[in-house]
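Q: What follows is a protein structure lacking sequence information:
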């Protein structure tokens, strides 16, 4: 943001657009209400030079630690009883490698597993369908499968939507209804050990008790136990829990991973630092619509997992210093980012993004079928294409996009004519 200054060139609208900040985000950063920011944007109020500097300073913060964010738990429910197709066509794995489990879980009555990757199926209830479950170990195992398949998590999530659309024989995400559900997603961000120092989670504990953390959560707890080792009691690590562990919406857990792994592996903490590089872990557990929205934003809207994790934490934990300003030490962990905005309805799919999805998922198959028709003298593909009629919802979307493009073309041509007139 080197081009931003607090003189007359300060452009709040431009800053908000560039950083995807809402009025609520800006108000939260500079310490005013959303209504005040709305009045600033309409010209009724002005931000003081001090408030402008606060915003610019906030946006200049980047993480000073090495962070690694990963998918640490995932559950996918598909409304199909064809679990072999899920294994073969979605996971792209050999179903013969899976073993039938003696017992099942989550009220399913059939289960197969390969390592820590588990596939559950209900023999009769199509609403329960097939559940794909990766615990922490299963996520790491499936990452190796994805690597061997030359796929990534992002491509796998895309394939989940594409597979489901093919199974249900629809062409729009909205028409999937509840066929595909991501019922749980855990994101884990590891703050790696630094010889220069790391964030002390005990400061968060103290701030929580001192009322320096604003949060919508109505439950907070902590845990720290000690084990007797080599003649003294040693901490197994401090854990902080935000929200209810029984929540079916969101739950956040921070803990000292170096100490936890020290006990688990029977190694000294210094050895954990040297061998594995762990220090702190920041976990976010998401359920239902929240899990689906975050996965959609990661795949379709191309937001990196680390940014999503930071934005979600920022949304739920507003951490202040002793003077009531945002806490610089905490900003050093995730950097400055906007608060994540959870929505209660599906996001509108834009024309340009739909083209991007068609290019990656549909056009190759369409071109292949057209080539087969050309070589065999058939018109089946084109006949199917022209027989397809737009429903009312899609026709409305077409009319809206065409109107926007015509208006944009008019203004673009208008500005070109003005420029030519003055040249």
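A: Done, it's in. In this text, all values refer to a predicted model and were calculated from it rather than measured experimentally. Numbering: from 1, shown residues only.

Q: Run through the stretch 251-400 of the chain and note the low-pLDDT ranges.
A: Applying pLDDT under 70 to the stretch 251-400 of the chain flags residues 337-362, 392-394, 396-397, 399-400.

Q: Show me where it has its strands.
A: For the stretch 251-400 of the chain, strands defined by DSSP state E, counting those that start in this stretch occupy the ranges 278-287, 318-319.

Q: quick one: strands adjacent to the last one?
A: When you say that, I think you mean strand 318-319. Here strand 318-319 has these sheet partners by DSSP bridges: strand 213-214 (antiparallel).

Q: residues in contact with stretch 122-138?
A: For stretch 122-138, the external contacting residues (C-beta atoms under 8 Å, 6 or more residues apart in numbering) are 71-83, 86, 90-91, 106-110, 115-121, 141-142, 183, 186, 188. Placement of C-beta: from N, CA and C, glycine included.

Q: Would you list the buried entries among those residues?
A: The neighbour count (16 or more other C-beta atoms under 10 Å) marks 71-81, 83, 86, 90-91, 108, 115, 117-121, 141-142, 183, 186, 188 as buried among the contacts of stretch 122-138.

Q: could you show me where the helices are in the stretch 101-250 of the chain, in order?
A: Using DSSP state H, counting those that start in this stretch, the helices of the stretch 101-250 of the chain run over residues 136-148, 153-168, 201-209.

Q: so which of the ones you listed comes closest to residue 391?
A: For these, the distance to residue 391 is smallest for helix 153-168, at 15.2 Å, taking C-beta to C-beta.

Q: So for the closest one, mean pLDDT?
A: For helix 153-168, mean pLDDT rounds to 93.

Q: Can we start the residue count at 48 from this point?
A: That works, and once the first residue is 48, the last one we named lands at helix 200-215.

Q: how about it: buried residues?
A: 200-201, 203-212, 214-215.

Q: ok, these vs residue 271, which is closest?
A: Among the buried residues of helix 200-215, residue 200 lies closest to residue 271 (C-beta to C-beta), at 32.9 Å.

Q: nearest to residue 341, of the buried residues of helix 200-215?
A: Distance to residue 341 across these (C-beta to C-beta) is lowest for residue 204, with 10.3 Å.

Q: so what's the closest residue to the closest one other than its chain neighbours up against?
A: Nearest non-adjacent residue to residue 204, counting by C-beta to C-beta, 6 or more residues apart in numbering: residue 346, 4.2 Å away. By C-beta under 8 Å, 6+ apart, residue 346 lies in contact with 201, 204, 205, 208.

Q: nearest to residue 289, of those?
A: residue 204 (26.1 Å).

Q: Residue 240 versus that closest one, what's the distance?
A: Using C-beta to C-beta, to the nearest Å, we find residue 204 at a distance of 31 Å from residue 240.

Q: same check, this time on residue 256
A: With distances taken as C-beta to C-beta, residue 256 is found 27 Å from residue 240.

Q: Please say which of these two ends up with more neighbours.
A: Taking other C-beta atoms under 10 Å, residue 256 and residue 240 do not tie; residue 240 has more neighbours (22 against 11).

Q: I figured that one hits residue 320, correct?
A: Yes - using C-beta atoms under 8 Å, residue 240 is in contact with residue 320, at 4.3 Å.

Q: Taking the centroid of this structure, which residue is nearest it?
A: Residue closest to the average C-alpha location in the chain (C-alpha atoms, centre = their mean): residue 341, at 3.5 Å.

Q: check contacts around that residue.
A: Applying C-beta under 8 Å, 6+ apart, the residues contacting residue 341 are 232, 234, 333, 355, 359, 387.

Q: Check the spacing between the third one and residue 339 real quick.
A: According to C-beta to C-beta, residue 333 and residue 339 sit 9 Å apart.

Q: what's the burial count for residue 198?
A: 15.

Q: where does it fall, phi/psi-wise?
A: Torsion angles at residue 198 (phi, psi; degrees, to the nearest 10) stand at phi -120, psi 170.

Q: gap between it and residue 205?
A: 9 Å.

Q: So which of residue 333 and residue 339 has more stuff around it?
A: residue 333 (26 against 18).

Q: can you count the residues close to residue 64?
A: Using other C-beta under 10 Å, residue 64 has 10 neighbouring residues.

Q: Residue 199 now?
A: 13.

Q: and if you look at residue 273?
A: Residues contacting residue 273 under the criterion other C-beta under 10 Å number 10.

Q: Which pLDDT value belongs to the residue nearest to it when sequence neighbours are not counted?
A: Among residues not flanking residue 273 along the chain, residue 280 sits closest, at 4.2 Å (C-beta to C-beta, 6+ apart). At residue 280, the predicted lDDT confidence score is 89.

Q: Regarding residue 91, what is its secondary structure?
A: Three-state assignment for residue 91 (DSSP: H, G, I helix; E, B strand; the rest coil): coil.

Q: returning to what we had before: with distance to residue 288 as new columns, can the helices of the stretch 148-297 of the chain be given to me in CSV?
A: Below are the helices of the stretch 148-297 of the chain laid out as CSV (distance: least, C-beta to C-beta, whole Å):
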stretch, distance to residue 288
helix 183-195, 18
helix 200-215, 26
helix 248-256, 11
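
Q: mind checking which of those helices is nearest residue 112?
A: When those are compared by C-beta to C-beta, helix 248-256 sits nearest residue 112, at 13.0 Å.

Q: Going by contacts, tell me the helices and strands next to that closest one.
A: Applying 3 or more C-beta pairs under 8 Å, 6 or more residues apart in numbering; DSSP states H and E, we find helix 248-256 packed against strand 286-289, strand 297-303.

Q: Turn these into JSON lines, including distance to residue 181 and mean neighbour count.
A: As requested, the helices and strands packed on helix 248-256 are exported to JSON lines (distance: least, C-beta to C-beta, whole Å; neighbours: other C-beta atoms under 10 Å):
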{"stretch": "strand 286-289", "distance to residue 181": "23", "mean neighbour count": "20"}
{"stretch": "strand 297-303", "distance to residue 181": "18", "mean neighbour count": "22"}
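
Q: how about those strands, which one is nearest residue 90?
A: strand 297-303 (37.7 Å).

Q: before we move on, the earlier item: so how far is residue 216 from the residue nearest to residue 204?
A: Distance, residue 346 to residue 216, by C-beta to C-beta: 22 Å.

Q: now do residue 159
A: 26 Å.

Q: just residue 147 next, same as before
A: Going from residue 147 to residue 216 by C-beta to C-beta gives 30 Å.

Q: what's the answer for residue 227, then?
A: Distance, residue 227 to residue 216, using C-beta to C-beta: 14 Å.

Q: about what we covered before: quick check: neighbours shared by residue 240 and residue 320?
A: 305, 326.
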